[in-house]
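Chemist: Model the structure of this input:
(one chain, ligands or ions: 1)
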Amino acid sequence: MDFKGKVAVVTGAASGIGRSVALAFAKLGTDVAIADIDDAGLKNVRKEIESLKRRVIAVHCDVSKDDDVNNLAKQAILTLGKVDILMNNAGVGVRGYLERVTMADWQWTVGINLFGVIRGVHAFLPHMLQRGSGYIINTGSAGGLIASEPPELAPTNIPYITSKHGVTGFSEAIYGYLRPKGIMVSLLCPGMVDTKIGDNSRYVGSNREVSEMKGGGESLFSAPGVMSPDDLAQMLIKGMNENKFLIITHQEIMDALTARGQNMKKLEEHLQETFKNKV
Ligand SMILES: NC(=O)c1ccc[n+]([C@@H]2O[C@H](COP(=O)([O-])OP(=O)(O)OC[C@H]3O[C@@H](n4cnc5c(N)ncnc54)[C@H](O)[C@@H]3O)[C@@H](O)[C@H]2O)c1
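Modeler: Numbers count the residues shown, from 1 in each chain. From the prediction side, this is the model:
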């Protein structure tokens, strides 16, 4: 894929994966609209992209709000002339045991992680359909493929996992619909990446529970060996160049998916065998 002369929009671009991807696109010659609710972070990333001599606009955009996302589409198209790549990346988590999570927490997580992605597609789709081309990247998660991943987080990460499973289903469904119309879709499914997501998450529960979830002060996301967002950005670009729908960053996720496939086969065989004379 030739990134030179393209225009990309990246949400959640003030930090972590979004920032690294926006910079990686800019280094390849792409102009970028960066969007986030963190204005100070956006300002820094805008300066970094300007120093690469690319056109950049920074738009305050809360992806949980229809008007903000529609405004982002309008600003990007007006100022940069077109949008070739849309990365729906902004995401948050609520950490806490199921009985502690309020409906407001559910709405916050799903409103950003799943509806934020849907909103992005809804706002930019008319432009892409009109041009008969475009590339949509949705940031899902390993937790959006396997509900028990990673095992040390999953039991206190249920709203996040649920919302990311929605992103998986939505992305696969729109791939089939949009690919014949000239619009490519990729689902980026990272494992653990060293970003601020742990700090940007909400924590609910007793002080002891919260302290345990936060790893007693040692962030799970910055433990030794955790992937850097810059390395992840390079994997995304490789996946885009290879026209991949599913961009999985960690081998252990692939292994877990394969094992689950085998288990599903065994479950199916078991059910068939058990019920063959009973229905
Ligand atoms: N870090 C990981 O281990 C990991 C793993 C799998 C998936 N992801 C996904 O990657 C994406 C990026 O997260 P990250 O790890 O870079 O975290 P991060 O917290 O460093 O960056 C997320 C960015 O999204 C922004 N944001 C939050 N709410 C927003 C809203 N309502 N509207 C617009 N922007 C908003 C934040 O201000 C922040 O700049 C998320 O979708 C996350 O779920 C991260």
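Chemist: What parts of the stretch 1-150 of the chain come near the ligand?
Modeler: By the rule Cβ under 6 Å from any ligand atom, the part of the stretch 1-150 of the chain lying against the ligand is 11-12, 14-18, 36-38, 41, 61-64, 89-92, 112, 139, 141. Quick note: C-beta positions are derived from backbone N, CA and C, even for glycine.
Chemist: What remains of those residues if I keep only buried residues?
Modeler: 11-12, 14-18, 36-38, 41, 61-64, 89-92, 112, 139, 141 (16 or more other Cβ atoms under 10 Å).
Chemist: Among those, which ones are in strands?
Modeler: Residues of those located in strands (DSSP state E): 11, 36, 139.
Chemist: Just read off the phi/psi values of the nearest residue to the second one once chain neighbours are set aside.
Modeler: Spatial nearest neighbour of D36, chain neighbours left out: A14 (3.7 Å); criterion: Cβ to Cβ, 6 or more residues apart in numbering. Phi and psi for A14, reported as degrees, to the nearest 10, are phi -80, psi -10.
Chemist: I figured A14 hits E48, correct?
Modeler: No - contact criterion Cβ atoms under 8 Å: A14 and E48 do not qualify, at 11.0 Å.
Chemist: Helix, strand or coil: sort out S186 for me.
Modeler: State at S186, reduced to three classes by DSSP: H, G, I helix; E, B strand; the rest coil: strand.
Chemist: Just give the closest residue to it, not the sequence neighbours.
Modeler: I137 (4.9 Å).
Chemist: for A123, same thing?
Modeler: A73 (4.2 Å).
Chemist: Same question for G5.
Modeler: G29 (6.5 Å).
Chemist: Tell me how far Y97 lies from V210.
Modeler: According to Cβ to Cβ, to the nearest Å, Y97 stands 11 Å off from V210.
Chemist: what about the helix or strand of the chain with the lowest mean pLDDT, near the ligand?
Modeler: Least confident element among the helices and strands of the chain, by mean pLDDT, DSSP states H and E: helix 251-275 (a mean of 84). No - using Cβ under 6 Å from any ligand atom, helix 251-275 stays clear of the ligand, coming no nearer than 9.8 Å.
Chemist: Might you name the residue of the stretch 51-200 of the chain sitting closest to the ligand?
Modeler: Closest residue of the stretch 51-200 of the chain to the ligand, Cβ to the nearest ligand atom: G91 (2.1 Å).
Chemist: Does that residue touch G16 like I think?
Modeler: No - assessed by Cβ under 8 Å, G91 is found out of contact with G16, at 9.3 Å.
Chemist: Give me the common contacts of the two.
Modeler: Jointly contacting G91 and G16 under the rule Cβ atoms under 8 Å, 6 or more residues apart in numbering are I197.
Chemist: sec struct for the residue nearest to G5, please.
Modeler: coil.
Chemist: Run a quick neighbour tally on it.
Modeler: By other Cβ atoms under 10 Å, 14 other residues sit near G29.
Chemist: Sketch out the low-pLDDT regions of this protein for me.
Modeler: 216-218, 279 (pLDDT under 70).
Chemist: List the contacts of A76.
Modeler: 7, 9, 33, 57, 59, 83.
Chemist: That should have said S148, apologies.
Modeler: With Cβ under 8 Å, 6+ apart, S148 has these contacts: A154.
Chemist: Now L125: which helix or strand?
Modeler: Using DSSP states H and E, the element containing L125 is helix 115-131.
Chemist: on contacts alone, who are the packing partners of that helix?
Modeler: strand 7-11, helix 66-80, strand 85-88, strand 134-139, helix 158-178 (3 or more Cβ pairs under 8 Å, 6 or more residues apart in numbering; DSSP states H and E).
Chemist: Report the buried residues of it.
Modeler: 115-121, 123-125, 127-128.
Chemist: S228 and A22, how far apart?
Modeler: In terms of Cβ to Cβ, S228 sits 15 Å off from A22.
Chemist: Which one's more surrounded, the two?
Modeler: A22 (32 against 12).
Chemist: Show residues contacting stretch 244-262.
Modeler: Residues outside stretch 244-262 that contact it (Cβ under 8 Å, 6+ apart) are 142, 145-146, 149, 171-172, 175, 185-193, 227, 232, 235-236, 239-240.
Chemist: Tell me the buried residues within these.
Modeler: 142, 145-146, 149, 171, 175, 185-193, 227, 232, 235-236, 239-240.
Chemist: Tell me which entries of the residues you listed lie within helices.
Modeler: Mapping the buried ones among the contacts of stretch 244-262 onto helices (DSSP state H) picks out 171, 175, 232, 235-236, 239-240.
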